[in-house]
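# Based on what follows, work out the 3D shape:
(chains A and B)
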Number of protein chains: 2
Amino acid sequence: MAAPIEFYFDFSSPFGYLASEKIDQLAAKYGREVVWRPFLLGAVFKITGGMPTMQVPIKGDYYKRDFPRSARYLGVAYRQPTAFPMNALAPSRAFYWLDAKDRARARQLAQALYRAYFVDDLDISSAENTIAVAAKMGLDADAVRAGMNDAAVKDRTRAEVDKAIAKGVFGSPYIIVDGEPFWGSDRLDQVDKWLATGGW
Amino acid sequence: MAAPIEFYFDFSSPFGYLASEKIDQLAAKYGREVVWRPFLLGAVFKITGGMPTMQVPIKGDYYKRDFPRSARYLGVAYRQPTAFPMNALAPSRAFYWLDAKDRARARQLAQALYRAYFVDDLDISSAENTIAVAAKMGLDADAVRAGMNDAAVKDRTRAEVDKAIAKGVFGSPYIIVDGEPFWGSDRLDQVDKWLATGGW
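Residues are numbered from 1 along each chain as shown, chains lettered A, B, ... in the order given. Predicted structure coming up:
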């Protein structure tokens, strides 16, 4: 079987969220699986000298318009979060805690967290809010909290961020198909064609 | 008749070039005209704190792959220029010199300059190379040279760059349809739908 598609994203990234609503379905069309890998843009920006888009003069105003417009274009629900951008450490740790036990369930948690943030305007940078989203899925709140505070989970999260950066991931979403990297939800069409044709 | 589509681009911008090969045909589908407006990204970067993409760590390597891949995806000829990026002042002045006399011809010159740079690997930051491209189109080389050195043309070029920045143009290509801005050649699908529907 072909290797899974690697899907890197930051929980604070609007375009990561948009791609998250499309990537599994897209991969399934070609009988492919997706490995979800949250990382932290803040760690990347330390290397690239980048900064959160909304803080870039002029560009920020454009994106206030482009985020919801691109969401509507793709048919994805979107509300601009009040706390934006945010540090995605808490949801990333919750994800990696669960991922070690049950990859499919972790993917569901990631989707629930993304929707809580980008549809329900819940600030998931708060550990308690992240735990509440997990609890709503039926996970035990105390177990999630303990998992997020587990040193091994913290180490795994840090290691995954480092691994992503080592792979060249510099933005969100970042999708790797058979070694070929695609940056941005606006590359989903190219990802589709790459999966269909194996490259061009 | 509906207002023309505004097409802002920097002659050094690969995605500006890709859009330039598509925008007129796209507009024509909806009976719309396009006003071509070269500007200078360097002037924008002074305000936004941006820098040429290829100089951003990690990101530069990605784009080396993404530029030709996106060109092939769109069916546009592309060769990575040796002198890249370059200061687009000379071709921009040649454009605005001609634009004041003959808008359609200036558009042709812009296309010829873009192809010279992104297909034939000619460094059009050189005034003499820009003049050579214009001469190949049948323009008088001495007239072009004199035009590029004309104080009024220099002023017009500067004024157009300032006007672009005042409109919020921060990247290339930047396309405005009935007041709605779109940044990037990867927004051409949205431009198409916007022209078809008037928005969504």
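# What parts of chain A come near chain B?
A:44, A:47-51, A:56-59, A:61-62, A:65-66, A:69-70, A:72-73, A:165, A:168, A:170-171, A:181, A:183-184, A:186-187, A:189-190, A:193, A:200 (CB under 8 Å from any CB of the partner chain). All C-beta atoms are positioned from the backbone trio N, CA, C, and that covers glycine.
# Backbone dihedrals for the closest residue to chain B within chain A, please?
Closest to chain B within chain A is residue A:186: 3.8 Å, counting by CB to the nearest CB. Main-chain torsions, residue A:186, degrees, to the nearest 10: phi -80, psi 10.
# show me the residues around the closest residue to it other than its chain neighbours that make contact.
Distance criterion CB to CB, 6 or more residues apart in numbering or on different chains; nearest residue to residue A:186, sequence neighbours excluded, is residue B:186 at 3.8 Å. When contacts are counted by CB atoms under 8 Å, 6 or more residues apart in numbering or on different chains, residue B:186 touches A:184, A:186, A:187, B:15, B:70.
# Repeat that for residue A:65.
Counted by CB under 8 Å, 6+ apart, residue A:65 has contacts residue B:181.
# Work out for me the element it sits within.
helix A:59-74 (DSSP states H and E).
# Mind giving me the packing neighbours of the next helix or strand after that helix?
Following helix A:59-74 in sequence order, the next helix or strand is helix A:89-99 (DSSP H and E). On a contact count with 3 or more CB pairs under 8 Å, 6 or more residues apart in numbering or on different chains; DSSP states H and E, helix A:89-99 meets strand A:34-38, helix A:103-118, helix A:127-136, helix A:141-149, helix A:151-166.
# what does the average pLDDT come to for the shortest one?
Model confidence over strand A:34-38 averages 98 on the pLDDT scale.
# tell me the angle of that strand relative to helix A:89-99?
140 degrees (axes from the mean of the first three to the mean of the last three CA atoms, to 10 degrees).
# Packing partners of strand A:34-38?
Strand A:34-38 packs on strand A:5-9, helix A:23-29, helix A:89-99, helix A:103-118, helix A:151-166, going by 3+ CB pairs under 8 Å, 6+ apart.
# And the spatially most distant residue from the centre of chain A, how close does it get to residue B:25?
Distance to the chain centre peaks in chain A at residue A:200, reaching 27.2 Å (criterion: CA atoms, centre = their mean). Distance from residue A:200 to residue B:25, counting by CB to CB, to the nearest Å: 21 Å.
# Run through who's touching stretch A:40-54.
A:10, A:12-13, A:59-60, A:63-64, A:84-85, A:87-89, A:92, A:161-162, A:165, A:169-172, B:49, B:51, B:56-59.
# Now which of those would you call buried?
Neighbour counting by 16 or more other CB atoms under 10 Å in any protein chain shown classes A:10, A:12-13, A:59, A:63, A:84-85, A:87-89, A:92, A:161, A:165, A:169-172, B:56, B:58-59 among these as buried.
# ok, residue A:82 touching residue A:120?
No: Residue A:82 lies out of contact with residue A:120 (CB atoms under 8 Å); the separation is 11.0 Å.
# So which of the two has more stuff around it?
residue A:120 (12 against 9; other CB atoms under 10 Å in any protein chain shown).
# who are the neighbours in contact with the more buried one?
Taking CB under 8 Å, 6+ apart, one finds residue A:79 in contact with residue A:120.
# cool, and the one 10 residues further on?
For residue A:130, the residues meeting the contact criterion (CB under 8 Å, 6+ apart) are A:90, A:91, A:94, A:113, A:124, A:144, A:148.
# If we use 6 Å, what do you get?
Residues in contact with residue A:130 (CB atoms under 6 Å, 6 or more residues apart in numbering or on different chains) are A:90, A:91, A:94, A:124.
# got a pLDDT number for it?
pLDDT at residue A:130 comes out at 98.
# before we move on, what about the one 4 residues further on?
The model reports residue A:134 with a pLDDT of 98.
# again, but for residue A:1
66.
# Distance-wise, check the nearest residue to residue A:168 once chain neighbours are set aside relative to residue A:88.
Leaving aside its sequence neighbours, residue A:168 sits nearest to residue B:58 (CB to CB, 6+ apart; 5.6 Å). Applying CB to CB, the value for residue B:58 to residue A:88 is 19 Å.
# which residues does the residue farthest from the centre of chain A contact?
Going by CB under 6 Å, 6+ apart, residue A:200 touches residue B:72.
# Cool, thanks, signing off.
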